[in-house]
Every structure is written in structure tokens, then in C-alpha cells.
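> Make a model of this:
(one chain, ligands or ions: 1)
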Amino acid sequence: MSREDAVLAAVDELRDDLVALLQQLVRLPTLNPPGDGYEEFVAAFGAVLDGLGYDTTVHRVPAGRLDELAPHAGGRPRPNLLASLDGPAPGPTVHLNGHYDVVPVGNDWTRDPFGGELDGGRLYGRGAADMKSGLAAQVIAVEALRRAGWAGRIVHSAVPDEETVGVDNAGTGWLVEQGIISGANTDALIITEPFGPDGVGIGHKGAIWGEITVHGKQAHGSSPRLGVNAIEGMARYLARLDEQLRPLLDERISEYGVTPKESIHSTLSFDTITGGAATNIVPDRCTVTFNRRLLPGEPLDAARKELLAPLDELGLRWDYRETYATEPTLVSEDEPVVQAACRAVRRLGLEPKILISAGSDDQRFVVHRAGITNSLVYGPGQTGLSHISDEHITVDDLVLGTKGLALILADLLAP
Ligand SMILES: [Zn+2]
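Have a look, this model is predicted:
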């Protein structure tokens, strides 16, 4: 039997363990914000890896840096779990990274979000897709690799706070800052975010989140000419963007597929608006928050300029506050790990889809700050089944994505 066949057969043998492990992880709530249950999760997942013979360590963000790196955490701990395993012979180091935090539950669930319920070939729960499935796949893919034979070193990192972004953060961002993940100690890095068993993620869009306030002048609502109406000023600004900027954004289309596929364009969304005090006062302030997503090739500064220019053109008084910005991330299709992933997906009988993510993810820290361009996103869950009511993964996808990951490892870590 070839090593590839051995790896595939091993994942099939480990199928029940894979499902049970994902159920165990889903049943440990790790909601973020604010980031509860992190210590319990890290202890349980660490125990699993200890039991498999890994060297595990927990790296906690020091208390003095929590307010800076996790401002939404209210002082709750931010543990990062690192686990390493050496093969029977020396070889390259492959790092497998995944976040263990999950987004809030929200409404309209018909299943227990933390039940890990298995029904009709689907496993339900918050994090079932994004991305406790990725963490379970990492563990079982390595077990399959061990059965088939390997060389080199595997490192897993299970990190908090991916979902709450941040220019810096207490998870992957902090591990990179500390040199715990670096170009010097990592030959290839795979993030097991939910891109689907045929999705090969080579980057993600950039993002700018912020707040724009238009200023006016209060007056009695019966005498609007004595004031300056900030809400009406904001309305003119938004209308101007619709006329001028949106058509330009619609014309900008990613040269790679984007997951989800509806997000192939450059985008801008205004997501909150507040203004005015009462119906008899001309409002002196109106504030919107926005979410701008940039394609690879769109610089942050140019995006800021084209967003803000109409405010001056319209003669508005305004101010601007940015809460998050990250440039787009893109690695080459020629990177060895990307090539290995494409071969693995084909071996599964699927056509690889080279994708970038519409959102941002921790690959930004890996590429821009650690300089690890030999990195990609490959994980079993589906983006479209993430962050929704009744989030789930099909057992078929879970097994297939784990096989894909095991094949990538077998390729990179041959004896
Ligand atoms: Zn995720």
C-alpha cells in the first residue's frame, strides 16, 4: 500500500475518534466576546494532546498586556496552547494553527449550540464549522500520518481571539510577537479555518473598520435654517458614495475565487448609524460605522482617501476614527504548501479551488509579521455554514477535510 493510501485508510479507521473529538470540543463553550471558558478548553484539549505523546505548553498573555491585546476581555485570561511532536527522523517543521474561540450564539437555533448533536450525518454546534472541526482534523490527521510513517516535526497552536480581530491580538498575533511562531522555527504553516475539503486558501481580503462623524449645529427644530443638520449632511455623503465610489468598487473583482463566492468584489458596508437627540432639535452630530473590505492590490491609504474625499467635496465638517485595519494577505500559488494542498485535493478526487477569504484571519500575522509565506488555509468546515444558527459540519466533509490535511502532511513530512 502506498503511503497516501495508508494515510487515507488510517483516517477512515479513526473516523469515530474524529467525530467524538469534535463533539468534545464543541461541548466546551468558548464564546468570544468576551472569551469565557478558555482555560477549561485549553486544559481539555491539552490533555488530549498529552495523551497522544505531545510536549504541551500553555503560553498566557501577561496580565499587564491584557487591556491592550484583548480590550474586550475584562481581564479574563488569554491562554495559547502549543503542542509539539517529533517524528522518528529529523525533517521540516510543519505548524498547524487554529483558533478555539467561537462567535456568540445569536438567535433561532433549533439545536443545542453546545450539544455536539449528531443527526442525519451532520454534527451541530457553535464552532462545529468555524473552527473546532479544524482543530479536531489537525489531531486526527497527525495520528493518521503517524500510522503511515513520517519524519520531521509537527507543532500545533490552539489560540484565542481570532474572532475579535484587532490590529494586534492575544492569540496568533501575540505568539508571532513573542517569536513562538517565527520564520526561523517554521517551514510551513497551515491554518485550518473552514474553507471546505476542496478549498485552498492563499490569503484574505484586507479590512478597514471605522467610524465617521458629520458635525452640524443645533437649532430649534422649527427653524432649521438657524442650524446645520448633521443627519442630512450624512445622507448627502452616503448618496455621493453610492454615485461615485460604489460603481468603482463593483468593478474591482478578485482574480482568485473568494469564499463566500458572493464576495468577489471590493466592498463597503455601513453597519450602524446614530444621530440626533429629539424631533424638535436640529441634530449636530451623525455617526456611522463602516466596514470596508479590500482586494489584494488595493492599498489601505488609497482606500481611506477615496472613502473620505466626498466629505470635503460636500463641505462637511467631519471626523474619523479607525478601529481596525489590516492590509490584504496573499501568498503565491507556487508556495510548496499550496502545491501540496492542490495535489492532496486532487488525490481526494476533487478539483482544488484556490481561494481568498472575504474576511480576515490569522494568516495576516503569519505572512506580514512572521514572514512565513509558505502558509495556507485548509480546513474541513464550510465558510457558508459558519457563524449561523444551527452551525454544523457534515461528517463527510469532516472526514474528507481531515484526509486532505493528512495527505498534505504526508507530502511535506515524508520519511
Ligand atoms: Zn474562524
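
> give the contact list for Ser357.
By Cβ atoms under 8 Å, 6 or more residues apart in numbering, the residues touching Ser357 are Glu193, Phe195, Gly201, Gly203, His204, Lys205, Val258, Thr259, Val377, Thr383. In short, each C-beta sits where N, CA and C put it, glycine included.

> can you do 7 Å?
Residues in contact with Ser357 (Cβ atoms under 7 Å, 6 or more residues apart in numbering) are Gly201, His204, Lys205, Thr259, Val377.

> Look at it and report its pLDDT.
What the model reports as pLDDT for Ser357 is 94.

> With Ala44 instead?
Per-residue confidence (pLDDT) for Ala44: 98.

> Please name the nearest non-neighbouring residue to Asp397.
Leaving out its chain neighbours, the residue that sits closest to Asp397 by Cβ to Cβ, 6 or more residues apart in numbering is Pro380, at 5.2 Å.

> thinking the one you found is in contact with Ile393, fair?
Yes. Between Pro380 and Ile393 there is a contact at 6.5 Å, judged by Cβ atoms under 7 Å.

> can you list residues touching both of these two?
Common neighbours of Pro380 and Ile393, counting by Cβ under 7 Å, 6+ apart, are Ser133.

> Give the helix, strand or coil label for Thr373.
Counting by DSSP: H, G, I helix; E, B strand; the rest coil, the backbone at Thr373 sits in coil.

> Then Asp12?
helix.

> who's in contact with the residue lying closest to Ala340 once chain neighbours are set aside?
In space, and not counting its chain neighbours, Ala340 is closest to Asp411: 4.3 Å by Cβ to Cβ, 6+ apart. Shown in contact with Asp411 (Cβ under 7 Å, 6+ apart): Ala340, Arg343, Ala344.

> The last one should be in a helix, yeah?
What that stands for is Ala344. Yes. Under three-state DSSP, Ala344 sits within a helix.

> Local confidence estimate at it?
98.

> What separation is there between it and Leu135?
19 Å (Cβ to Cβ, to the nearest Å).

> Need the CA coordinates for stretch 56-75. PDB is fine.
Extracted in PDB, the C-alpha atoms of stretch 56-75 (Å, rounded to 0.1, in the frame of the first residue of the first chain):
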ATOM      1  CA  THR A  56       2.500  20.700  25.500                       C
ATOM      2  CA  THR A  57       2.900  24.200  27.000                       C
ATOM      3  CA  VAL A  58       0.400  27.000  27.700                       C
ATOM      4  CA  HIS A  59       1.500  30.500  26.900                       C
ATOM      5  CA  ARG A  60      -0.600  33.100  28.700                       C
ATOM      6  CA  VAL A  61      -0.700  36.700  27.800                       C
ATOM      7  CA  PRO A  62       0.700  38.600  30.800                       C
ATOM      8  CA  ALA A  63      -2.000  40.400  32.900                       C
ATOM      9  CA  GLY A  64      -0.300  43.700  32.200                       C
ATOM     10  CA  ARG A  65      -0.900  43.300  28.400                       C
ATOM     11  CA  LEU A  66      -4.500  42.100  28.500                       C
ATOM     12  CA  ASP A  67      -6.100  45.500  28.200                       C
ATOM     13  CA  GLU A  68      -4.000  46.300  25.200                       C
ATOM     14  CA  LEU A  69      -4.300  42.900  23.400                       C
ATOM     15  CA  ALA A  70      -7.800  41.900  24.500                       C
ATOM     16  CA  PRO A  71      -9.600  45.100  25.300                       C
ATOM     17  CA  HIS A  72     -13.000  43.300  25.300                       C
ATOM     18  CA  ALA A  73     -11.900  40.600  27.700                       C
ATOM     19  CA  GLY A  74     -12.500  42.300  31.000                       C
ATOM     20  CA  GLY A  75      -9.200  40.900  32.400                       C
END
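
> Just the buried residues of it, please?
Residues of stretch 56-75 classed as buried by neighbour count (16 or more other Cβ atoms under 10 Å): Thr56, Val61, Leu66, Leu69, Ala70, Ala73.
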